[in-house]
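J.: Build me a model:
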Amino acid sequence: MELIAQPHWRRVDFISDLHLHSSELQTHAVWARYMRDTKADALFILGDLFEVWVGDDTLTDAQSFESACVSTIRSTAARIPVYCIVGNRDFLLSQTFSAAAQAQLLPDPTTLTFASHRIVLTHGDAWCVDDVDYQAFRRTVRSADWQANFLKRPLPERRAIASDIRLQSEKKKEVASYADVDHSVAQEALASADASYLIHGHTHKPATHEMEHGTQRWVLSDWHIQGKASDRAEVLRLERQPISDSLMWTRLDPHNAC
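T.: Numbers count the residues shown, from 1 in each chain. Alright, predicted model coming up:
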């Protein structure tokens, strides 16, 4: 998909891997403040906004944690456009969520044109091809049949299944780090989109990688805030420069993005 930035956009923010969950209230609080006060003209959430999403019918309970988060997004979307790409944790986000949040779901990948620069946006999990077990799991859960059968189950059962999958994932992380996005796949995606930049999340390895022909791969940070030295959260802000039309790239603490 091709998306053209609106002419008045000067600052655009990118975040990913918030992993919002009712058990992570400090992360939620920082995110909610950022959503309320960000100075960006548009916001892109590149996957795993939620730690888990078992279906849009979680929004039928107006008191649920998910409904509170959607209300926050809707308030932000009343000020600036909000775009979302689904991640490996919240891939069941669909049109009911989109309508409730007033946020546009984008296909993965999407190419954004901003200030004459072409930027490929993706969550990144599909391009971590060395994680063979995850890619097999991904093919299963992204199939229409699997999703239809899963969504037929009662909500408490789906929450229990998701909790079990989440527990297994956490155990795996104790003995193995995230696989990285495959360099060749990323380079091919940039060439195919005629883009100079790639922005993605998923790997929890924030960095800027120099690629062939002067292209770059920007990796977003995950968010995990518990009032400890290991806390992490980051906003990547692109700011259009007057006259030159170049882009200034800045990694910001969420508090400094407001």
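J.: For the protein, spot the helix or strand the model is least confident about on average.
T.: Within the chain, no helix or strand scores below helix 155-175, which has a mean of 83 by mean pLDDT, DSSP states H and E.
J.: Quick one: mean pLDDT for whichever helix or strand comes after that one?
T.: Reading on from helix 155-175 to the C-terminus, the next helix or strand found by DSSP states H and E is helix 183-192. Average pLDDT, helix 183-192: 96.
J.: do stretch 131-142 as well
T.: 94.
J.: Would you work out how far apart the start and end of stretch 197-204 are?
T.: End-to-end distance for stretch 197-204: 18 Å, by Cα to Cα, to the nearest Å.
J.: Oh, that last question was meant for stretch 245-258, not what I typed.
T.: 23 Å.
J.: for stretch 251-258, same thing?
T.: Length of stretch 251-258, first residue to last, Cα to Cα: 13 Å.
J.: which parts of that stretch are buried?
T.: 252, 254, 257 (16 or more other Cβ atoms under 10 Å). Where you see a C-beta, it was placed from the backbone N, CA and C, and this is true even at glycine.
J.: what number of residues lie near the residue lying closest to Glu234 once chain neighbours are set aside?
T.: Spatially, and ignoring its direct neighbours in sequence, Glu234 is nearest to Ser221 (3.7 Å; Cβ to Cβ, 6 or more residues apart in numbering). Neighbours of Ser221 under the rule other Cβ atoms under 10 Å: 19.
J.: Is Ser221 within a helix or a strand, and which one?
T.: With DSSP H and E as criterion, Ser221 is part of no helix or strand.
J.: Got phi/psi on it?
T.: Note on Ser221: backbone dihedrals following degrees, to the nearest 10 are phi -80, psi 150.
J.: which strands and helices sit next to the least confident helix or strand of the chain?
T.: Here helix 155-175 touches helix 144-152, going by 3 or more Cβ pairs under 8 Å, 6 or more residues apart in numbering; DSSP states H and E.
J.: Contacts for the helix it packs on next, please.
T.: Helix 144-152 has contacts (Cβ atoms under 8 Å, 6 or more residues apart in numbering) with 54-55, 92, 140-141, 158, 161.
J.: okay if I get those as JSON lines plus neighbour count and distance to Phe150?
T.: Formatted as JSON lines, the contacts of helix 144-152 follow (neighbours: other Cβ atoms under 10 Å; distance: Cβ to Cβ, whole Å):
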{"residue": "Val54", "neighbour count": "22", "distance to Phe150": "8"}
{"residue": "Gly55", "neighbour count": "22", "distance to Phe150": "8"}
{"residue": "Leu92", "neighbour count": "21", "distance to Phe150": "8"}
{"residue": "Thr140", "neighbour count": "11", "distance to Phe150": "10"}
{"residue": "Val141", "neighbour count": "13", "distance to Phe150": "8"}
{"residue": "Arg158", "neighbour count": "20", "distance to Phe150": "6"}
{"residue": "Ile161", "neighbour count": "14", "distance to Phe150": "8"}
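J.: coming back round to it: report the contact partners of the residue nearest to Glu234.
T.: Ser221 is in contact with 17, 204, 206, 232-234, 251, counting by Cβ under 8 Å, 6+ apart.
J.: filter the residues you listed to the buried ones?
T.: The buried subset of the contacts of Ser221 - by 16+ other Cβ under 10 Å - is 17, 204, 206, 233-234.
J.: so can I have TSV of those residues showing secondary structure and pLDDT?
T.: Shown next, in TSV, are the buried ones among the contacts of Ser221 (DSSP: H, G, I helix; E, B strand; the rest coil; pLDDT from 0 to 100):
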residue	secondary structure	pLDDT
Asp17	coil	97
His204	coil	93
Pro206	coil	96
Ala233	coil	96
Glu234	coil	97
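J.: farthest-separated two in those residues?
T.: His204 and Ala233 (11.8 Å; Cβ to Cβ).
J.: Kind regards, and thank you for your time.
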